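Enquirer: Just a sequence and a predicted model for now, questions to come.
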Amino acid sequence: MKNYAVIDIGGTSIKYGCATDDGRFLEKSACPTRAREDGGAAIPQKVIALVKDLSQRHELAGVAIDTAGIVRPGDDGEIVFAGEATFPGYSGTKLGRIVREAVKLPVLVENDVNAAALGEVWLGAAKGAASAFMITVGTNLGGCFVQDGKIWHGASFSAGEIGYLRLHGEKRILEDVASTRALIREAAFSHNMSPSEITGEMVFDWAMETDEDALAAIAALADNLGEGLVAVCCLLNPEVIVLGGGVMAQQEILGPMLQQRLEALVMPAMREHTHLAFARLGNDAGMLGALYALLHKV
C-alpha cells in the first residue's frame with residue numbers, strides 16, 4: 001500500500017489530502033487559493049508547501065493534482081489556459097515540472113472536470129462502465145468523455161467542453177441557459193429579486209413548496225440541459241452519462257425531468273444502452289481521478 005498527496009485547485013479553495021493507492025483518504029483539508037490576490041504564478045509554491053507538509057506525516061510515493069483550466073498532460077503539466085479574472089498569470093505555468101523538481105516525486109496534473117470524470121469511473125457512479133461522459137453543472141458547464149479508463153483529451157486538450165456548445169439560431173452557448181447561473185437568473189427575474197440574493201438551493205426549496213415560478217425555472221434548466229444530453233447521446237453513445245455539480249444533488253426532481261427529455265428527443269435504438277447516473281464522490285472526485293491517472297499513467 002502506497003500513499004499519495006492529492007490536490008484539487010479551484011478558484012476559491014485548494015482541497016488537499018493524503019490517499020492510498022486504492023482511493024482511501026488518510027486525511028483531508030483545505031486552504032484558500034488566493035489566486036486573485038497572490039496571482040496564479042504563486043500556486044505552484046502553495047502546492048509545494050502542502051506536499052512538504054503532508055510528507056512530514058506520510059511517506060509519499062507521488063503527487064496527483066487536478067486544477068481549473070485547460071491542462072496539457074505530460075511531464076510539464078502545463079496550464080495551457082486559465083481565465084485571467086480568476087487565475088491571473090496562471091496560463092503557461094508548467095505546474096507539473098515545477099512541483100516535481102521541488103519535491104522529487106512523480107507528479108501528474110489534470111484538468112478538474114476530466115479528473116472528476118475519471119474518479120467517477122474508477123470509484124463512483126460510472127464504476128465498471130466501458131464509456132462515460134460526465135457533465136458538471138455549476139456556475140458554468142464542464143464535460144469529459146472517458147473511454148476504457150482513458151480521458152479523451154482532444155487535439156487542443158479541450159474535448160468535452162459541452163458548455164460552449166453553440167445553440168442553433170441563438171447567439172448563446174449551452175451554459176448560458178443550462179447552468180446554475182441560468183437557473184438563478186430565471187428564478188430571480190420571476191421573483192423580482194437580484195440574482196445575488198438567491199442560491200440554487202433556495203430555488204429548489206421554493207419548488208418543494210409548489211412555487212410555480214421556481215418550478216418553471218427548474219423545468220427550463222432541465223429542458224436546456226437535456227439538449228446537451230441529446231448531443232452527447234448522438235455523438236458519443238456512452239454507456240453512462242454522469243451528472244455532477246452542486247445542483248445535481250436535487251436528483252429526485254431533476255432525474256425524471258432529464259430522463260423524460262432524453263426519451264422524447266433520442267430514438268430508442270440510440271439511447272437504450274445509455275443510462276443517467278448522478279455523481280457519488282462529491283468534492284473528492286477530482287482528487288481521486290487525478291490519483292487514478294497517476295497510478296495508471298492515463
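Expert: Received the coordinates, thanks.
Enquirer: Tell me where the stretch 101-250 of the chain has strands.
Expert: Under the criterion DSSP state E, counting those that start in this stretch, strands of the stretch 101-250 of the chain are mapped to 107-111, 131-137, 141-147, 150-151, 240-244.
Enquirer: Pick the most buried one from these.
Expert: Most buried of the strands of the stretch 101-250 of the chain by mean neighbour count (mean count of other Cβ atoms under 10 Å) is strand 107-111; its value is a mean of 29. Quick note: C-beta positions are derived from backbone N, CA and C, even for glycine.
Enquirer: which helices and strands does it pack with?
Expert: If contacts are counted by 3 or more Cβ pairs under 8 Å, 6 or more residues apart in numbering; DSSP states H and E, strand 107-111 sits against strand 60-67, strand 70-72, helix 95-103, helix 285-296.
Enquirer: relative orientation of the first one and helix 95-103 in degrees?
Expert: In terms of direction (axes from the mean of the first three to the mean of the last three Cα atoms, to 10 degrees), strand 60-67 departs from helix 95-103 by 150 degrees.
Enquirer: Nearest to Glu263, out of the strands of the stretch 101-250 of the chain?
Expert: strand 240-244 (13.5 Å; Cβ to Cβ).
Enquirer: what angle do the closest one and strand 131-137 make?
Expert: Going by the same axes, to 10 degrees, strand 240-244 makes 20 degrees with strand 131-137.
Enquirer: Include mean neighbour count when you put the helices and strands packed on strand 107-111 into a markdown table, please.
Expert: A markdown table is the format used below for these (neighbours: other Cβ atoms under 10 Å):
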| stretch | mean neighbour count |
| --- | --- |
| strand 60-67 | 25 |
| strand 70-72 | 22 |
| helix 95-103 | 20 |
| helix 285-296 | 26 |
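Enquirer: among the ones you listed, which is nearest Phe157?
Expert: strand 70-72 (5.4 Å).
Enquirer: Please enumerate residues in contact with that closest one?
Expert: With contacts defined as Cβ atoms under 8 Å, 6 or more residues apart in numbering, strand 70-72 is touched by 77-82, 109-111, 114, 156-158.
Enquirer: go on, stretch 215-235?
Expert: Contacts for stretch 215-235 (Cβ under 8 Å, 6+ apart): 133, 135, 137, 141, 143, 162, 165, 167, 174, 177-178, 182-183, 186-187, 190, 203-204, 207, 238, 241, 247, 253-254, 257-258, 261-262, 265-266, 270-271, 274, 276.
Enquirer: ok, back up a step: next, format the strands of the stretch 101-250 of the chain as JSON lines and append distance to Leu60 and mean pLDDT.
Expert: Listed next are the strands of the stretch 101-250 of the chain as JSON lines, based on distance: least, Cβ to Cβ, whole Å; pLDDT from 0 to 100:
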{"stretch": "strand 107-111", "distance to Leu60": "11", "mean pLDDT": "98"}
{"stretch": "strand 131-137", "distance to Leu60": "28", "mean pLDDT": "97"}
{"stretch": "strand 141-147", "distance to Leu60": "26", "mean pLDDT": "97"}
{"stretch": "strand 150-151", "distance to Leu60": "24", "mean pLDDT": "98"}
{"stretch": "strand 240-244", "distance to Leu60": "28", "mean pLDDT": "97"}
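Enquirer: Buried subset of the contacts of strand 70-72, written for PyMOL?
Expert: To isolate the buried members of the contacts of strand 70-72 in PyMOL, using 16 or more other Cβ atoms under 10 Å:
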select buried, resi 77+78+79+81+82+109+110+111+114+157
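Enquirer: In helices, which of the contacts of strand 70-72 fall?
Expert: Asn114 (DSSP state H).
Enquirer: Out of the contacts of strand 70-72, the closest to His296 would be?
Expert: Glu110 (11.9 Å).
Enquirer: Next up, the contacts around Thr12.
Expert: Pro32, Thr33.
Enquirer: Just list the residues touching the residue lying closest to Asp22 once chain neighbours are set aside, thanks.
Expert: Of all residues not flanking Asp22 in the chain, Met1 sits nearest, at 7.4 Å (Cβ to Cβ, 6 or more residues apart in numbering). By Cβ under 8 Å, 6+ apart, the contact list for Met1 reads Thr20, Asp21, Asp22.
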